[in-house]
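>>> My questions are about this predicted structure, shown below with the sequence.
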Amino acid sequence: MKTEMPDPHDLWVVNNFGMGLRETAVAHLAAIRVLREADEPYGVELGPLDDDWLTLVASLGTWVRGPAEEVKRFIDAWREEAGEMGVAIAPYINR
Amino acid sequence: MEGVLRDASALCEDVRSGVLRVPIAEVDTSGSSAALAATRRRFNARWLTALNTFQERAGALPSGSRALESEVLRLQNEWHRIIRQNWEEAWKSGYRSRGRLPPSTSRQVYAISPQLKAEVERQLTHASRFAQELASGDLRRPVVYVDGRTRPRMSVGNRSQLYSRAINGAFQWGAVDGGLPGERIWWRLGACDHCTDCPALAASGPYTRNTLPTVPGQGLTRCSHNCCCILVFKAGPIPRREAPEDLIADVLGPPQPLPGFRAPSERELTVILDLEARMNFARRKMAQLRGTEGAKGWMTTRSRLNGQLIDFMEARNIYWTPRFSVPEVIDGLDITMPNIDSMMLRGLDGFTVHAAEIPKLMGEIKKSMAELEALLTAAGVTGAVPHIPEIEEILRVLGLMPDEDL
C-alpha cells in the first residue's frame, strides 16, 4: 500500500493529553526524547512539531500514527518517560 | 408513460434551476464514466494539443538552453490550467449527481472541498515533473533500481492517459461533498480485477464523509487510477455535532465571540485550556479505570473541573467553546481525517527524529516551552499534583478575583 493512504486494518492513530497544559506539553517533549533515544527507531509519526506546535498541542493534544505494533511499543516507552500524569491515550476510530 | 416523463423533466428542471436543494439520498457513483465522457474528451484534446505544441517548438532547441526552459514553463502552465479546469468541472459533475447545484467559483469549490484542493495540487506537482522529464530526455532512459535491474519507462501517451483517468477522483469527491451530513458511505467493489487495498476498504466501511480515507480512482490505492470501485451513499441520522472542516485553522485563528460576550485574554485562555486538558485527561482515566473506585475519583475530579470552567467563564462574560472536548475514544465527528493528516504533515516520523540532528527544532521547542512556562506562572497554573489547581489561587495571581475590577 502506498504510504499516503491509511491502512484501515493496521494503522493506529492515537491522541494524548496530560493532566493539564504543562503536563501535555512536557509529555510532547518526552515523546520526542523517546524517539531520539530509541535503541531501535520507532516506525511512527509524531505531530505537530512545527512553529505552531504549542498552540496546537494545547488545544488538540499530541498525535501519533503508525502500524499498531509500533504504536504500542512507542506508548509503553512514552508512559515510562512522561510519567503517570503525562499520558492518557485515546484512540481514533475511523467512523 | 407520459406522466413519468413529465415528472422526470420536472425533476431535471428543478435540479438545473437549483430549486431542488436537498441531496438525492440514495445514490451511487456508478455513472461517473458516462458523466465524465465529455470532460475526458475535452481534457485529452487540450492536453495532447499542449504536448504537441511543446514538441514542435522544443524539438530543435539545445538541451539546457534558456529557450527550452521557457518552453517547459509554458507547457507546465498550460497543463496546470487544464488540470484545474477539468478537475473542477468533474467535481461539479459529481456534486450535481447528488441533485444539487454546485457553487460556481473556484474559491467556493475549494472552500467546500479541501480534498479536491489537495488532489489538484498533487496532480499539478506530477504534471510539472512530467514536463521536466519530457524536456530532459529522462523519459527515454529506463528506470534503474538499486540492485541494477531496469525497466522501461511508461510511454508519454500512457502517462497522459493516467491524468485522463484520474479525473474520476474529482468526480467521486464531488459526489461525497454534495451529500448530506451524517450519510453513510460504502466502498463497493466494481466489476474488474482488484488490488489488495480495495477489498480492505470495502470491508472497513461504512464511512462518513469525515472518515473516508480516499475515493476510487484518486490513485492512492494499489490499482491507482484504474480503480473501478464505486461509492454508495445512504442517508443516516444527521449528527448532533460534526467536526469542523478545518479544526486546525479554528485553533490557530483568533476566537470569535458572540455579540454581548468577549474573547478570553491570553492569560485567561491559558487557564481555560489548562482546565480543558485536565478534563480530557480525567475522562480517559475514568474509562481506563471503569468499574473501580479510581474511576469514581476521576469522575468527581472531572465534574469539579467542569464546574470551575463554567464559573470562570460566566463570571467574566467570556465566550469560549471547547475546540476539542474529547472522551476516551475519538472519531470522525471530533476531527476529520484530513485534519489528522495535516497534523502529521506538521510533525516528523520516528526514523527522522532518531537519525537526524535537529538542533533548530529543539531550539524552537525549548523557546516555546519557556514561553509556556512564563504564561503558566503568570496565570498561576500549578502542576498536576494536586490534580486540580485551586481556582481562587489562580484568580489571585491573575488579579481576577470576582470582586476585583475586570
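Noted; the coordinates are in hand.

>>> What's the local residue count around the residue of the stretch 1-150 of chain B found nearest chain A?
Nearest residue of the stretch 1-150 of chain B to chain A: B:Arg122, at 8.7 Å (CB to the nearest CB). Just so you know, the C-beta spots here come from the backbone N, C-alpha and C atoms, and that holds for glycine as well. Residues within reach of B:Arg122, counting by other CB atoms under 10 Å in any protein chain shown, total 16.

>>> Contacts only, for it.
Going by CB atoms under 8 Å, 6 or more residues apart in numbering or on different chains, B:Arg122 touches no other residue.

>>> now residue 88, nearest residue through space, not along the chain?
Went with chain A since none was named. Nearest residue to A:Ala88, sequence neighbours excluded (CB to CB, 6 or more residues apart in numbering or on different chains): B:Arg284, at 3.8 Å.

>>> you looked at the wrong chain, it should be chain B
B:Val109 (5.6 Å).

>>> any idea how far the one you found lies from B:Lys117?
8 Å (CB to CB, to the nearest Å).

>>> of those two, who's got more company?
Neighbours were counted for B:Val109 and for B:Lys117 using other CB under 10 Å; B:Val109 has more, 21 against 17.

>>> Point me to the helix or strand that includes the more buried one.
Element membership for B:Val109 (DSSP states H and E) is helix B:106-112.

>>> I'd like the distance between A:Pro91 and B:Ser9.
Counting by CB to CB, the gap from A:Pro91 to B:Ser9 is 51 Å.

>>> Which one of these two is surrounded by more residues?
A:Pro91 (13 against 10).

>>> show me what contacts that one?
A:Trp12, A:Val13, A:Val14, A:Asn15, B:Val329, B:Ile330.

>>> and it, what are its bridge partners?
Bridge pairing for A:Pro91 (DSSP bridges) gives the partners A:Val14.

>>> where does the residue in the stretch 101-250 of chain B that chain A sits nearest to fall, phi/psi-wise?
For the stretch 101-250 of chain B and chain A, the shortest gap (CB to the nearest CB) falls at B:Ser204, measuring 3.7 Å. Phi and psi for B:Ser204, reported as degrees, to the nearest 10, are phi -90, psi 0.

>>> before we move on, back to that, name the residues of the next helix or strand after the helix holding B:Val109 that come out as buried.
Next along the chain after helix B:106-112, taking DSSP H and E as the criterion, comes helix B:114-136. By neighbour count on 16 or more other CB atoms under 10 Å in any protein chain shown, the buried set for helix B:114-136 is B:114-117, B:119-120, B:122-124, B:126-128, B:130-131, B:133-135.

>>> again with stretch B:92-105
Neighbour-count burial for stretch B:92-105 flags B:Lys92, B:Ser93, B:Gly94, B:Tyr95, B:Arg96, B:Ser97, B:Arg98, B:Gly99, B:Arg100, B:Leu101, B:Pro102 (criterion: 16+ other CB under 10 Å).

>>> picking up where we left off before, so who does the residue nearest to A:Ala88 touch?
If you count contacts by CB under 8 Å, 6+ apart, then B:Arg284 has A:Phe17, A:Ala88, A:Ile89, A:Ala90, B:Pro327, B:Glu328 around it.

>>> cool, and B:Pro216?
B:Thr29, B:Asn168, B:Gly169, B:Gln172, B:Trp187, B:Gly190, B:Cys198, B:Cys227, B:Cys228, B:Cys229, B:Ile230, B:Leu231.

>>> Filter those residues down to the ones in helices?
Among the contacts of B:Pro216, the residues falling in helices (DSSP state H) are B:Asn168, B:Gly169, B:Gln172, B:Cys198.

>>> State the pLDDT value of the second one.
It stands for B:Gly169. In this model, B:Gly169 is scored at 94, pLDDT.

>>> Closest to the mean position in the chain, which residue would that be?
Using chain A here. For chain A, the residue nearest the mean C-alpha position is A:Val64 (3.3 Å; CA atoms, centre = their mean).

>>> oops, I was thinking of chain B
Centroid-nearest residue in chain B: B:Pro338, 2.8 Å away (criterion: CA atoms, centre = their mean).

>>> hang on, that one in a helix?
Yes: assigned with DSSP: H, G, I helix; E, B strand; the rest coil, B:Pro338 falls within a helix.

>>> quick one: it and B:Ile318, what's the gap?
According to CB to CB, B:Pro338 and B:Ile318 sit 30 Å apart.

>>> and what of B:Arg74?
55 Å.

>>> Over to the closest residue to A:Leu60 other than its chain neighbours. Which of the three states is it?
Nearest in space to A:Leu60, with sequence neighbours left out and distances taken as CB to CB, 6+ apart, is B:Phe324 at 5.0 Å. Here B:Phe324 is coil, with the state taken from three-state DSSP.

>>> repeat for B:Pro181
Quick answer, by three-state DSSP: B:Pro181 is coil.

>>> quick one, phi psi at it?
Dihedral angles phi and psi of B:Pro181 (degrees, to the nearest 10) take the values phi -60, psi 140.

>>> How about the contacts made by the residue in chain A that chain B sits nearest to?
Residue of chain A nearest chain B, by CB to the nearest CB: A:Gly47 (2.4 Å). Neighbouring residues of A:Gly47 by CB under 8 Å, 6+ apart: A:Thr62, A:Trp63, B:Met343, B:Met344, B:Leu345, B:Arg346, B:Gly347, B:Leu348.

>>> Model confidence at the residue of the stretch 1-150 of chain B closest to chain A, what's the number?
90.

>>> Please tell me how far it sits from B:Tyr163.
12 Å.

>>> now do B:Arg107
24 Å.
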